[in-house]
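[1] Sharing a sequence plus its predicted fold:
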Amino acid sequence: MLVAAAVCPCPPLLVPDVAAGAAPELDAARAACTDALGVLAASRPDLLVVVGPAEQNGRGPHLEGTGGSFRGFGVDLAVRLGNVRLGSGASDPGASERELPTSLAVAAWLLERTGWSDAPVEGLGVGEPLEAERCIEVGESIGARAGRVALLVMGDASACRTLKAPGYLDERAAGFDAGVARALGAADVPALKALDAELAQELKVSGRAPWQVLAGAAEGAGLGGALLYEDAPYGVGYLVAAWS
């Protein structure tokens with residue numbers, strides 16, 4: 001059963017080495033993510049599943065120990081998913097030959113930053129086109145994986161909040177993001193299940209599918225929510241929430 005969840009944004013700029021001189025602009029978001037991961041640790045899960053958006057080659061499961069990097073963003077920084085308990089020079093037999101998608105690499109960085117060692121970790125990359133019904137089914141199956149399951153859910157809101165945003169300005173974006181923020185802050189499972197996938201795609205929302213996986217996992221869990229951060233510093237909506 002799902003006992004806790006943290007919702008975090010997944011821009012590579014969340015990693016200070018990638019953001020470089022602009023790193024202080026996301027200090028508040030990083031602090032909120034740290035607080036959200038603290039809620040996960042306090043829940044004493046038997047299993048942590050990290051869910052995030054992924055392109056075709058990054059979709060599907062990623063086992064504990066799978067590596068990722070930010071070399072594609074000009075930074076020689078490598079990360080690994082979860083707390084790999086191996087001696088120096090050993091390779092993890094459970095690691096995938098595929099690299100982590102960017103969203104899960106950011107999650108791996110967050111977990112390393114907070115010293116996660118509380119439970120085994122698995123990753124799941126989901127595609128933006130995945131239908132709501134399938135997202136919910138995936139979430140339900142994750143929630144049944146162990147007696148105490150926690151979720152780290154990565155994803156951004158709209159990328160159309162300003163003229164300089166990646167998707168330019170779309171006047172529907174602020175309202176969509178506000179609705180998601182309300183749903184995440186209230187742990188409103190029906191509202192997340194009802195998110196408009198077509199509108200989300202038009203607004204370049206990367207978090208829609210992961211949030212609906214969360215909705216499926218949280219059905220019947222009776223969790224409460226708290227919104228820890230809400231802003232759009234680069235014209236992209238970034239939200240941090242914790243459920244417990």
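    That came through fine.

[2] And the helix or strand hosting residue 33, what's buried?
    Element membership of residue 33, judged by DSSP states H and E, is helix 27-42. Within helix 27-42, the residues that qualify as buried are 29-30, 32-37, 39-41, counting by 16 or more other CB atoms under 10 Å. In short, each C-beta sits where N, CA and C put it, glycine included.

[3] any idea of the mean pLDDT for that helix?
    Per-residue pLDDT over helix 27-42 has a mean of 97.

[4] got the contact list for residue 100?
    Residue 100 makes contacts with 58, 62, 66-68, 79, 81, 108, 123, as judged by CB atoms under 8 Å, 6 or more residues apart in numbering.

[5] Any chance of TSV for the residues you listed, columns secondary structure?
    Output for these, formatted as TSV (DSSP: H, G, I helix; E, B strand; the rest coil):
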residue	secondary structure
58	helix
62	strand
66	coil
67	strand
68	strand
79	strand
81	coil
108	helix
123	strand
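
[6] now, which of the residues you listed sits nearest residue 163?
    residue 58 (30.5 Å; CB to CB).

[7] Find the nearest non-adjacent residue to that closest one, please.
    residue 101 (3.1 Å; CB to CB, 6 or more residues apart in numbering).

[8] and the gap between the one you found and residue 188?
    Note on residue 101: its distance to residue 188, by CB to CB, to the nearest Å, is 27 Å.

[9] Settle it for me: which of those two has more neighbours?
    Ranked by neighbour count (other CB atoms under 10 Å), residue 101 and residue 188 place residue 101 first, with 25 against 17.

[10] what's the pLDDT at that one?
    Looking at residue 101, its pLDDT is 98.

[11] Identify the residues contacting it.
    Residue 101 sits next to 52-55, 58-59, 68, 125 when contact means CB under 8 Å, 6+ apart.
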